[in-house]
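Undergrad: sequence and predicted structure are below.
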2 protein chains.
Amino acid sequence: MDAANDTRQRIITAAQELIYTRSYNEVGVQEICDHANVKKGSFYHFFPSKRDLALAVLDQSQAFMHETIIKKSFLDDIPPLARIERFFTTIYEFHKQVKENTGRIFGCPFGNFGCEMSTQDEDIRSKVDNILSTSEKPFVKALTEAVERGDLPAIDTAATARAIFAYVEGIMLYAKTCNDPELIRELGKRALQLAVPVNMQ
Amino acid sequence: MDAANDTRQRIITAAQELIYTRSYNEVGVQEICDHANVKKGSFYHFFPSKRDLALAVLDQSQAFMHETIIKKSFLDDIPPLARIERFFTTIYEFHKQVKENTGRIFGCPFGNFGCEMSTQDEDIRSKVDNILSTSEKPFVKALTEAVERGDLPAIDTAATARAIFAYVEGIMLYAKTCNDPELIRELGKRALQLAVPVNMQ
DNA sequence: CTTGACATTGACCGAACGGTCAACTAGGGT
DNA sequence: ACCCTAGTTGACCGTTCGGTCAATGTCAAG
C-alpha cells in the first residue's frame, strides 16, 4: 500500500514533468515509466489508460500551483490589488528560475493541456475548463475585497477576474513562444487595467 | 508544374485543416495524404519531413488570417480604435460560425502551434514567434493613429499592441478550452483597457 | 501456515509512426 | 527519336505507439 502509493506517485510526478516540458502526445507511456523506474506492465495496474494518467497529472499540477503560487501570492498581508500584482511577480520569478535552469519557458501547464487536448478529449477539456474557473477564484476574492475597501469602483468582479486570468494565459503563451520570461513582468504590469467599470460602451 | 503545385497545395491545405482541428502530433502523414488524395510517397517528394510541412502550414495560415481577418478588421473606413473593436467582432463571428458548423472552437492556429511545439522544435517556435510579432503590427498602426488623432494619450504603442495581442491569445485559449465563442465577445470588450498611459506604478 | 489481495514483471499484440526507395509515368526541349 | 526532369506510386524499413496478459512475487490478516 505504501510502496503502491509510491509507485503511482512516481508515475504521476514523472509524467507531470515530461508532459509539461514537452507535450502530452510527445511523451509515451514507456518513457514515463523509464523516468519513474517502473515497468510498463505496472503502469497499467495503476492507470487504465494514458489519458487517465493525464487527468491525475492535472490534479497534481493544480495542487502544486495552489501550494506554490496561489497561496503565496494571495496572502492577505498586503492590500488586495497588491496581491494580484504579487501574483505576476511570483510567476515571473518562477519562470525566470526555470529558464535559468533549463533554458526554456514551458508556459502554463493547464493552458498547454487545454490547447493540445481540448478538441481531442472531452474529459480532459472539461477538467482544464474546471481548473481555469477555479483559478479565477482568488482573483475574484481579491477584487471583491478591493471594491469593499474602495480601492476599486463597483465592478463585475467575476467577469474581471476571468479577463485577468485569460490575460495571464495569453502572457504565458507569449512567454513560452518567445521563450522570454521578461514578457511576464512587462505584460503583467497591465493586468489591473482590465479592472475598470463596465462603461466603455 | 501545374499539377505539382496543385498536389503540394492540397497537402498543405489538408494538413492545415487537420492540424488546426486536432493537433500536430495527433495527425499523421498518412492521414494528411489520405485527406489530400495523395500517396505518401509523393508527400516526401514535396516535403523533406513532416516538420517542413508544418512550417508551410504556418505560412499559409498566416496568409489566410491576413486576408480574411486582418484586412477586413483594419480597413480605415472607421476610426482606429473602432478597428480594433471590429477585430474582436470579426474573430467572434468567425469562431461562432465554426462552432455552429463543427460544434467546436479550435482557438488560434498560431497559439496552438506555439503551445504544442515551442519546446520541441526551434524552427517552428521562431516561426510562430515571428508571426506573433507580425500580427501585432496592425494594432501598432491603429494605436499610433489613435494617438495622432488624440483619441488616446501618448502611449507606448508597441508595448500596448503586444499586450492586446497577448490578451487575444489568452481569449482564444479560453474560448477553446471552454468551447464557448461568447467568451471572445465578452472578454474582447476589455481589450482597449490595456491601452492606457504607462503610469500606474 | 494458508489464503487472498495487491504489486510487479516481461513477453507480447496489432496498429501506426515518420521516412526511404527503386521503379515507373508523363511531357517538353532539343 | 531521344533524354531529362519532375511527379507518382506502392512496397517496404525499423521503431514506437498504447495496451494486454499470464505468471510470479510480496505480505498482512485470519
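TA: Cool, the structure landed.
Undergrad: element containing the residue in chain A that DNA strand C sits nearest to, please.
TA: At 1.9 Å from DNA strand C, residue A:41 is the closest residue in chain A, using Cβ to the nearest atom of the strand. The way it works is simple: take the backbone N, C-alpha and C, and place the C-beta from them, glycine included. Using DSSP states H and E, residue A:41 sits in helix A:40-46.
Undergrad: try residue A:10
TA: Element membership of residue A:10, judged by DSSP H and E, is helix A:2-21.
Undergrad: can you name the element that comes right after that helix?
TA: Next along the chain after helix A:2-21, taking DSSP H and E as the criterion, comes helix A:29-36.
Undergrad: packing partners for the strand or helix carrying residue A:148?
TA: Assigned by DSSP H and E, residue A:148 belongs to helix A:122-149. Packed against helix A:122-149 by the contact rule (3 or more Cβ pairs under 8 Å, 6 or more residues apart in numbering or on different chains; DSSP states H and E) you find helix A:50-65, helix A:80-102, helix A:109-117, helix A:157-178, helix B:157-178.
Undergrad: if we can go back for a sec, count of neighbours near the residue of chain A closest to DNA strand C?
TA: 8 (other Cβ atoms under 10 Å in any protein chain shown).
Undergrad: what's the pLDDT at it?
TA: On the pLDDT scale, residue A:41 is placed at 94.
Undergrad: same question for residue A:148.
TA: At residue A:148, the pLDDT recorded in the model is 97.
Undergrad: what's the answer for residue A:200, then?
TA: At residue A:200, the predicted lDDT confidence score is 44.
Undergrad: got it, and residue A:134?
TA: In this prediction residue A:134 is given a pLDDT of 98.
Undergrad: what sits against it?
TA: Neighbour list for residue A:134: residue A:62 [criterion: Cβ atoms under 8 Å, 6 or more residues apart in numbering or on different chains].
Undergrad: ok, residue A:92 to residue A:75 distance?
TA: Going from residue A:92 to residue A:75 by Cβ to Cβ, to the nearest Å gives 17 Å.
Undergrad: that older thread, for the helix holding residue A:148, buried residues please.
TA: By 16 or more other Cβ atoms under 10 Å in any protein chain shown, the buried positions in helix A:122-149 come out as A:124-125, A:127-129, A:131-132, A:135-136, A:138-147.
Undergrad: if you look at it, does any of it touch DNA strand D?
TA: No: using Cβ under 7 Å from any atom of the strand, helix A:122-149 stays clear of DNA strand D, coming no nearer than 12.5 Å.
Undergrad: tell me how far that helix lies from the chain's centre.
TA: Put simply, helix A:122-149 sits 12 Å off its chain's centre (Cα atoms, centre = their mean, to the nearest Å).
Undergrad: if I take that helix and helix A:80-102, what angle do their directions form?
TA: Here helix A:122-149 runs at an angle of 140 degrees relative to helix A:80-102 (axes from the mean of the first three to the mean of the last three Cα atoms, to 10 degrees).
Undergrad: angle of helix A:122-149 against helix A:50-65?
TA: Using the same axes, to 10 degrees, helix A:122-149 lies at 20 degrees relative to helix A:50-65.
Undergrad: now for the helix holding residue A:41, which elements pack on it?
TA: Where contact means 3+ Cβ pairs under 8 Å, 6+ apart, helix A:40-46 is packed against helix A:2-21, helix A:29-36.
Undergrad: redo the ones you listed as a markdown table? Include mean neighbour count.
TA: What follows is those, written out as a markdown table (neighbours: other Cβ atoms under 10 Å in any protein chain shown):
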| stretch | mean neighbour count |
| --- | --- |
| helix A:2-21 | 17 |
| helix A:29-36 | 17 |
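Undergrad: wait, which of these is closest to chain B?
TA: Of all those, it is helix A:2-21 that lies closest to chain B, at 6.1 Å by Cβ to the nearest Cβ.
Undergrad: mean confidence score for that closest one?
TA: Helix A:2-21 comes out at a mean pLDDT of 89.
Undergrad: how about it and DNA strand D, any contact?
TA: No: using Cβ under 7 Å from any atom of the strand, helix A:2-21 never reaches DNA strand D; the gap is at least 7.7 Å.
Undergrad: kind regards, and thank you for your time.
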